[in-house]
Each structure stands twice: as structure tokens, then as C-alpha cells.
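1. Predicted model, plus sequence, below.
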Amino acid sequence: GAVVSQQPRRAVSKSGASVTIECRAVDFQATTVFWYRQFPKRGLVLMATSNAGTNATYEQGYNKDKLPISQPNLTFSSLMVTNVDPADSSLYFCGARDTALGRDQRPRQESW
Ligand SMILES: *[C@@H]1O[C@H](CO)[C@@H](O)[C@H](O)[C@H]1NC(C)=O
Ligand SMILES: *[C@@H]1O[C@H](CO)[C@@H](O)[C@H](O)[C@H]1NC(C)=O
């Protein structure tokens, strides 16, 4: 089946620094990449949606200055969490959609 891998699994950072989370589609073409974070008791919350070669679109409350996203091609996307503070401590997930497979993938990421 289609596999998405995320790196790093876990990151610890000083306040004010940036953390980059990379997401790779291992054996399929990720036409659309979704970036989520998980809040306690609220489940996964979509932050932004990225399509290869175009700028990501952000949900209300999230923006490209805080969370710049890069998706240079169909197998790679990265999310940067800039100027981190304790409120950014969370589980972050990327998911991907391959229109050919019609399936969504949601692996797990721990980070802050
Ligand atoms: C993407 O964002 C950059 C920087 O904000 C902007 O210059 C560019 O026009 C945008 N491209 C598209 C396709 O919206
Ligand atoms: C996609 O971009 C990533 C990051 O720049 C790069 O490591 C990877 O080799 C690229 N893949 C292809 C198929 O171009």
C-alpha cells in the first residue's frame, strides 16, 4: 500500500527556534498534502493544505509566517514551525492524497 514517512518522529526545541517536519510519499504521488495538529480531546485539526508547485492554503488561525510549507514535488513536503513556544508543543501529522489511489494516508508525528 501507499506509505508516507515523516521525519523526525520527535523533536525538542528551544523557545524561539524553528522545527522542520518532513513528509515523504514513499511509493505514490502525493498530489495534495494535508498538515494537521492534534489537540487534546479535539482530535486532528487541519492547519493547511498544500498542492505541489503552488502555495499552501491555510485554515483560519494558521498562517504561512508561523507555519511555512514547502511542497517542491509530488513526493515531498515540509512544514516549518517557526518561533516555537510551549503552546506549539503537540503532535503534528501529515497526510497525503493520491488522486490515482483515492486514498488518504495519515501517519503520526511527535514534535514541538
Ligand atoms: C506564492 O507566495 C509567494 C510569496 O508570498 C508569492 O510571491 C507568489 O505570487 C505566490 N504564488 C501563487 C501561485 O500564489
Ligand atoms: C523532491 O524534493 C525533495 C526535497 O527537495 C528532494 O529530496 C527529492 O529528491 C525530490 N524528489 C523528486 C522526485 O524530485
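-> Yep, that arrived. Ligands and ions are numbered 1, 2, ... in the order given.
2. Kindly provide the distance from Met47 to ligand 2.
-> To ligand 2, Met47 is 20 Å away according to C-beta to the nearest ligand atom, to the nearest Å. For every residue, glycine as well, the C-beta is placed using N, CA and C.
3. Does that residue lie in a helix or a strand, and which?
-> Assigned by DSSP states H and E, Met47 falls within strand 43-51.
4. That strand - contacts with which helices or strands?
-> Under the contact definition 3 or more C-beta pairs under 8 Å, 6 or more residues apart in numbering; DSSP states H and E, strand 43-51 sits against strand 32-39, strand 57-58, strand 69-73.
5. Now distance to Cys94 and mean pLDDT too, for those, in CSV please.
-> What follows is those, written out as CSV (distance: least, C-beta to C-beta, whole Å; pLDDT from 0 to 100):
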stretch, distance to Cys94, mean pLDDT
strand 32-39, 6, 90
strand 57-58, 15, 97
strand 69-73, 10, 94
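6. Ligand 2 contacts on the protein?
-> When proximity is defined by C-beta under 6 Å from any ligand atom, the chain lies next to ligand 2 at Pro72, Asn73, Thr75, Phe76.
7. What's the ChimeraX line that selects buried ones from those residues?
-> Selection of the buried residues among those in ChimeraX, burial being defined by 16 or more other C-beta atoms under 10 Å:
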select :75
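8. about what we covered before: ok and the strand holding Met47 relative to strand 69-73, angle-wise?
-> Inter-element angle recorded for strand 43-51 and strand 69-73: 50 degrees (by axes from the mean of the first three to the mean of the last three C-alpha atoms, to 10 degrees).
9. Write down the beta-bridge partners of Ala48, one by one.
-> Trp35, Tyr58 (DSSP bridges).
10. Surely it touches Leu67?
-> Yes - the pair formed by Ala48 and Leu67 meets the contact definition of C-beta atoms under 8 Å, at 6.4 Å.
11. follow-up on the earlier one: go ahead and name everything in contact with the strand holding Met47.
-> For strand 43-51, the external contacting residues (C-beta atoms under 8 Å, 6 or more residues apart in numbering) are 31-39, 56-59, 62, 67, 69, 71, 77, 79, 93, 106.
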